[in-house]
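Asker: quick check, what structure comes out for this input:
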Amino acid sequence: MKFSIDRKLISEALSLVQGLTNRKTTLAITSDVLIKAEGSQIIIVANDLETVFQGRYEAEVESDGIISINAKKLFEIVREYPDSMILINEVENRWIEIGSGNVQYHIVSSDYENFPEYPSIEDDTQLVEMESGVLKKMAEVSASINFSQEEKRPYVLGALFEKTAIDDKPVLRMVSTDSKRLYTFDTPYSGDLQIDEQGIIIPKKGLSELGKFLDNVGSVKIGIKNNHFIVTKDDESIMIKLLEGDYPDYRRVLSIGGFTAIEMNRIMFLMMMKRMSILVSDDYKSVILNFMENKLTATVTNPEIGESKEELTIGYTGEPVESAFNPKYFIDALNAFQQDNIVLNIKDKRNPCIIKGGDDTSFVCAIMAMSV
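Answerer: Alright, predicted model coming up:
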């Protein structure tokens, strides 16, 4: 195999897969990328056994072939290479010559036949179009709810992706939780997306990589086939293997019957929570929120450090409500909103605080109350 390619083009492609190839798996070869040269293109594939990236790129191919080579080292070489075009040439016994002239590397490659198999996107795969920026936001927000290494529950390891309807209009919804908070993100769509009635569970690890793959502008196509969630843009695609399991009934958590809605300035409340979080620790994680007439009082008491108290004027006229929450969960959620004003929905110390946008309700967050 021998080809030359624009250095910037292959560098950008390799940068996209570093998260996949640096992930520890049961197969050492998943730290490689598979490169196929054929015709006037090369195909780059990365596969961490859960998520597969594939891209096609124009190249000057002198001879066809396939190699499997360490993705990190290849990326570092390409990134620092001084010329605009870079030559990659398989010489003998799996040795790869990279570069020409004054700058050359000789790197040993792996046996490409050991590279894990991956699904292909057939011509008959049914895909629907959606905005890339919206899916990027969905993926990033959902993946931001972390989980421990010991976590086994599929609905915590992944996010639910389903078709539903709001005011009889079809929407796609992504739901993410760690049992202490819950996010939902909705977006309208059109087309016939083939998805199970109960939805699918997409691993958050895959969604994290998807967020890096997507642009803020333009459109992509999505679909489901062979137990994989598929996203394509131009000549690149990501395929994420779905998780098996049931997703709990999240809708009852979001019910706001009997709740009181309070409109608040997002930045002022965010800064309050940031100041409150200074005194929290692993053993003392809660902020006490007291909602009273026209006033919100936040208090943190940490015997190991000290205490903090702050008041904020708000438009609240209901009965006094006192409840405890993790302030860091508020910070994460408030950073995900774009609007200047948000609406807090509260009821009592046993129920969650449900946050919605003032004008745009496509993103909803529920933060579970803590016992003190």
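
Asker: for stretch 132-141, give me every contacting residue.
Answerer: Contact partners of stretch 132-141, identified using C-beta atoms under 8 Å, 6 or more residues apart in numbering, comprise 174, 176, 183, 185, 187, 207-208, 210-211, 214-220, 222, 231, 233, 336, 363. Where C-beta positions appear, they are placed from N, C-alpha and C, glycine not excepted.

Asker: go again with 7 Å.
Answerer: 174, 183, 185, 187, 207, 210-211, 214-220, 233, 336 (C-beta atoms under 7 Å, 6 or more residues apart in numbering).

Asker: just stretch 209-225 next, same as before
Answerer: 16, 19-20, 51, 125-133, 135-136, 139-140, 143, 193-195, 200, 230-233, 238, 240.

Asker: among those residues, the buried ones, what's the PyMOL command?
Answerer: The PyMOL command for the buried members of these (criterion: 16 or more other C-beta atoms under 10 Å) is given here:
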select buried, resi 16+19+20+51+125+127+128+130+131+132+135+136+139+140+143+193+195+200+230+231+232+233+238+240
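
Asker: surely Ile42 meets Ile5?
Answerer: Yes: assessed by C-beta atoms under 7 Å, Ile42 is found in contact with Ile5 at 6.5 Å.

Asker: now list whatever residues contact both of those two.
Answerer: Taking C-beta under 7 Å, 6+ apart as the contact rule, Ile42 and Ile5 both touch Tyr57, Ala59.

Asker: so where's the stretch 251-372 of the chain shaky on pLDDT?
Answerer: Scanning the stretch 251-372 of the chain for pLDDT under 70 picks out the ranges 372.

Asker: the same query, at a cut-off of 90, please.
Answerer: Residues of the stretch 251-372 of the chain meeting the criterion pLDDT under 90: 256-257, 282-284, 317-318, 338, 358-361, 371-372.

Asker: how about the stretch 101-250 of the chain?
Answerer: Applying pLDDT under 90 to the stretch 101-250 of the chain flags the ranges 101, 118-127, 148-150, 165-170, 189-197, 225-226, 234.

Asker: what segments of it are strands?
Answerer: Using DSSP state E, counting those that start in this stretch, the strands of the stretch 101-250 of the chain run over 103-108, 128-131, 158-166, 169-177, 181-188, 200-203, 219-225, 228-233, 236-241.

Asker: need these in TSV (columns: distance to Ser286).
Answerer: Listed next are these as TSV, based on distance: least, C-beta to C-beta, whole Å:
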stretch	distance to Ser286
strand 103-108	53
strand 128-131	38
strand 158-166	26
strand 169-177	19
strand 181-188	14
strand 200-203	30
strand 219-225	39
strand 228-233	36
strand 236-241	35
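
Asker: which one of these lies nearest to Leu312?
Answerer: strand 181-188 (21.5 Å; C-beta to C-beta).

Asker: parallel or antiparallel, which strands does that closest one pair with?
Answerer: Strands adjacent to strand 181-188 in the sheet, as given by DSSP bridges, are strand 169-177 (antiparallel), strand 363-367 (antiparallel).

Asker: now the longest one against strand 158-166, angle please.
Answerer: It refers to strand 169-177. 150 degrees (axes from the mean of the first three to the mean of the last three C-alpha atoms, to 10 degrees).

Asker: ok, and for strand 169-177, which residues are buried?
Answerer: Across strand 169-177, burial judged by 16+ other C-beta under 10 Å covers Val171, Leu172, Arg173, Met174, Val175, Ser176, Thr177.

Asker: what angle do that strand and strand 219-225 make?
Answerer: For strand 169-177 against strand 219-225, the angle by the same axes, to 10 degrees is 70 degrees.

Asker: the last one now?
Answerer: On the basis of the same axes, to 10 degrees, strand 363-367 is oriented at 60 degrees to strand 219-225.

Asker: tally of neighbours for Lys356?
Answerer: 21 (other C-beta atoms under 10 Å).

Asker: what sits against Val253?
Answerer: Counting by C-beta under 7 Å, 6+ apart, Val253 touches Leu182, Pro352, Ala366.

Asker: who touches the host helix or strand of Tyr329?
Answerer: Using DSSP states H and E, Tyr329 sits in helix 327-336. Identification of contacts with helix 327-336 by C-beta under 7 Å, 6+ apart yields 141, 144, 180-181, 266, 269-270, 273-274, 276-277, 280, 287, 355, 363, 365, 367.

Asker: mind listing the helices for the chain?
Answerer: Per DSSP state H, the chain carries helices over the ranges 7-16, 18-21, 71-80, 132-143, 154-157, 204-213, 266-277, 327-336.

Asker: Lys285 contacts Phe325, doesn't it?
Answerer: No: in this structure, Lys285 is not within contact of Phe325 by C-beta under 7 Å, at 9.2 Å.

Asker: domains of this structure?
Answerer: Per the record, the chain has its domains at 2-114, 128-248, 255-367, by automatic domain parsing.

Asker: turn those domains into CSV, columns for distance to Ile121.
Answerer: Output for the domains of the chain, formatted as CSV (distance: least, C-beta to C-beta, whole Å):
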stretch, distance to Ile121
domain 2-114, 8
domain 128-248, 6
domain 255-367, 29
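
Asker: which one, of the strands paired with strand 181-188, ends up nearest to Ala298?
Answerer: Closest approach to Ala298 among these (C-beta to C-beta): strand 363-367, 13.9 Å.
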